[in-house]
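sequence unknown, structure follows:
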């Protein structure tokens with residue numbers, strides 16, 4: 001026999017890869033106090049299909065996500081407009097073509113950029129609401145808060161409350177209040193004389 005026949009095959013094909021050698025008994029936990037981890041967790045995931053969204057969420061969970069350090073160039077419009085890691089199309093091109101910004105497949109997009117509220121947006125809305133409440137009278141404020149609580153409980157998306165609704169109610173009530181206030185003052189004056 002020749003030495004060639006005894007030699008084992010060195011071909012790459014036809015060899016199945018075995019399973020994981022050491023199975024994990026507990027889930028991996030990252031350092032929660034890390035500043036980098038906090039910034040990565042706060043980054044929104046939008047403009048992607050379900051599969052790509054799951055991939056990005058997994059990367060964030062297991063600390064494999066690497067955020068961009070500088071703005072990336074879009075492969076479609078060739079402008080430096082991509083601020084999100086792992087995206088290859090800018091938001092404008094992806095929404096125009098109606099494709100996933102990562103895999104470029106025309107699947108259903110889970111979340112859009114417009115749907116996501118940043119902390120600054122939430123703070124701005126809160127300040128606007130506070131400013132509106134401060135401009136209302138106490139009766140208007142309480143009515144508005146009650147109506148908002150009712151909407152939260154029902155979970156229905158009814159029309160937003162407008163200031164004009166409260167102004168018309170308040171004018172009607174003020175007319176009635178003036179007569180009542182006059183009557184009460186007269187009664188107090190009569191009681192004081194006696």
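Right, received. Where do you want to start? What you see is a predicted model; the values in this text were computed from it and never measured. Numbering: from 1, shown residues only.

Setting the sequence-adjacent residues aside, check what's closest to the residue nearest in space to the middle of the chain.
In the chain, the C-alpha nearest the mean C-alpha coordinate belongs to residue 116, at 3.6 Å (Cα atoms, centre = their mean). The spatial neighbour of residue 116 that comes closest, neighbours along the chain excluded (Cβ to Cβ, 6 or more residues apart in numbering), is residue 44 at 4.5 Å. Placement of C-beta: from N, CA and C, glycine included.

Residue 139 should be in a helix, yeah?
Yes - Residue 139: assigned to a helix according to DSSP: H, G, I helix; E, B strand; the rest coil.

Show me the domain layout of the chain.
Domain ranges of the chain: 35-115, 117-154, per automatic domain parsing.

deepest of those, which one?
The highest mean neighbour count among the domains of the chain, using mean count of other Cβ atoms under 10 Å, belongs to domain 35-115: a mean of 15.

how close does residue 29 get to residue 37?
According to Cβ to Cβ, to the nearest Å, residue 29 and residue 37 sit 11 Å apart.

What score does residue 128 have for pLDDT?
pLDDT, residue 128: 90.

ok, of the domains of the chain, where does mean pLDDT dip lowest?
Among those, domain 117-154 scores lowest, at a mean of 87.

what about it, how long is it end to end?
Length of domain 117-154, first residue to last, Cα to Cα, to the nearest Å: 23 Å.

Now do the helices in this structure.
Assigned by DSSP state H, the helices in the chain fall at 3-6, 35-42, 50-61, 91-97, 119-135, 138-154, 163-193.

The fifth one relative to helix 35-42, how many degrees between them?
With axes from the mean of the first three to the mean of the last three Cα atoms, to 10 degrees applied, the angle from helix 119-135 to helix 35-42 works out at 70 degrees.

how far does helix 119-135 sit from the chain's center?
Put simply, helix 119-135 sits 17 Å off its chain's centre (Cα atoms, centre = their mean, to the nearest Å).

contact partners of it?
Helix 119-135 is contacted by residues 42, 117, 141, 144, 163 when judged by Cβ atoms under 8 Å, 6 or more residues apart in numbering.

how does it look with 6 Å?
Helix 119-135 has contacts (Cβ atoms under 6 Å, 6 or more residues apart in numbering) with residue 141.

on that earlier part again, check what pLDDT the residue nearest to the centre of the chain gets.
75.

Output the domains of the chain as TSV; include the columns distance to residue 191.
Listed next are the domains of the chain as TSV, based on distance: least, Cβ to Cβ, whole Å:
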stretch	distance to residue 191
domain 35-115	62
domain 117-154	27
